[in-house]
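Student: structure for this input, please:
(one chain, ligands or ions: 1)
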Amino acid sequence: MINSSGRMGNRVGRAAESAGAYLATRKKLIQDHGFIEIAYSAIMGRLARFGFHLFLVELGDDSPGIAFPELDPGYTARAADLEELWPWVGKDYGLSEDFLRGAIARGDHCVANFFNGELVGYGFVTKVGAPVTDQLEVVIDDRLIYRYKGWTHPDHRRKHLSHARGRLNRQFFPLTDGRRTVDYVAVHNLASKLKHPDIHPVRLGYCGFVRLFGCEHPFTQRVPRRFGFRLARRHRGGDIP
Ligand SMILES: CC(C)(COP(=O)(O)OP(=O)(O)OC[C@H]1O[C@@H](n2cnc3c(N)ncnc32)[C@H](O)[C@@H]1OP(=O)(O)O)[C@@H](O)C(=O)NCCC(=O)NCCS
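Tutor: From the prediction side, this is the model:
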């Protein structure tokens, strides 16, 4: 039988263990990416919780013939028909029915990763912009292709699946149409910000929004706007991401 001091000891042990693991992860991040980057992400993550969201807008590298990463055995990256994704809706894959219906209605495209037939990652591309929250949407003009909602299953991260998806986005659009791919990442989302800078080599500037008393107020810097990208209040009804 474990007495109360024994239980307390276990709890303290577990807390010390998780604090140790947390500190080790932070130390590794600081070693890899520098104190300033990590501190900045932490501060921006806190601000986002209080309603201030800042995103970095990036242009993609659309040059033909850029290398495709080698994937581990069992993994594939390919265009997926949006109807193919229905079995994974509502199954902890971040895909809601409303979202999928909206993407299908807009005529968006998807590049997905599969591991032995199971969906393990996806990303969407569109020529017409897409919702960001229930109040806001990204609006693009006809010079851009917007890449959004990238996701890799937690058990399959750091296997270059997102990298592979990034290489396949252009297959849906003729390279001769002159469009550039654009996306945005939350400045506190380290994994997203650090992933494959060769795919998103050009940082255009920032956009974001402030949530005040339940209302979201968007803003976009001048350079992304000049390139045809802006965050705006939603006019279309429908799907929520
Ligand atoms: C961001 C996300 C899509 C990355 O997917 P992924 O398939 O793991 O990314 P990749 O394996 O292609 O990463 C390629 C490179 O990006 C960098 N990278 C990716 N995740 C990283 C992390 N957590 N920390 C540091 N660098 C990271 C690395 O340089 C990595 O190359 P390496 O493993 O050879 O060092 C994934 O972490 C995710 O789904 N996150 C939750 C949803 C999300 O934030 N989506 C992005 C919305 S914009």
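
Student: from Pro87, how far out is the residue nearest to Ala186 when sequence neighbours are not counted?
Tutor: Closest residue to Ala186 apart from its sequence neighbours, by Cβ to Cβ, 6 or more residues apart in numbering: Phe55 at 5.6 Å. For the C-beta atoms, the positions are set from N, CA and C on the backbone; glycine is no exception. Note on Phe55: its distance to Pro87, by Cβ to Cβ, to the nearest Å, is 31 Å.

Student: so which of these two has more stuff around it?
Tutor: Comparing Phe55 with Pro87 by other Cβ atoms under 10 Å, the one with more neighbours is Phe55, at 23 against 11.

Student: contacting residues for the more buried one?
Tutor: Taking Cβ atoms under 8 Å, 6 or more residues apart in numbering, we find Phe55 in contact with Tyr184, Val185, Ala186, Val187, Tyr206, Cys207, Gly208, Leu231.

Student: from those residues, which land in strands?
Tutor: Per DSSP state E, strands hold the following members of the contacts of Phe55: Tyr184, Val185, Ala186, Tyr206, Cys207, Gly208, Leu231.

Student: what is the neighbour count of the last one?
Tutor: A count of nearby residues for Leu231, using other Cβ under 10 Å, gives 25.

Student: same check, this time on the first one
Tutor: A count of neighbours around Tyr184, defined by other Cβ under 10 Å, yields 25.

Student: before we move on, the earlier item: same list, the ones in strands among the contacts of Phe55, but only the ones touching the ligand.
Tutor: Cross-checking those against the ligand (Cβ under 6 Å from any ligand atom) gives Val185 as the overlapping residues.

Student: what is the neighbour count of Leu144?
Tutor: Neighbours of Leu144 under the rule other Cβ under 10 Å: 23.

Student: make residue 1 into 29 and carry on from there
Tutor: New numbering, starting at 29: the last item is Leu172.

Student: which phi and psi does it have?
Tutor: The phi and psi values for Leu172, taken as degrees, to the nearest 10, are phi -130, psi 160.

Student: returning to what we had before: any idea which element the residue nearest to Ala214 lies in?
Tutor: Under the criterion DSSP states H and E, the helix or strand holding Phe83 is strand 80-87.
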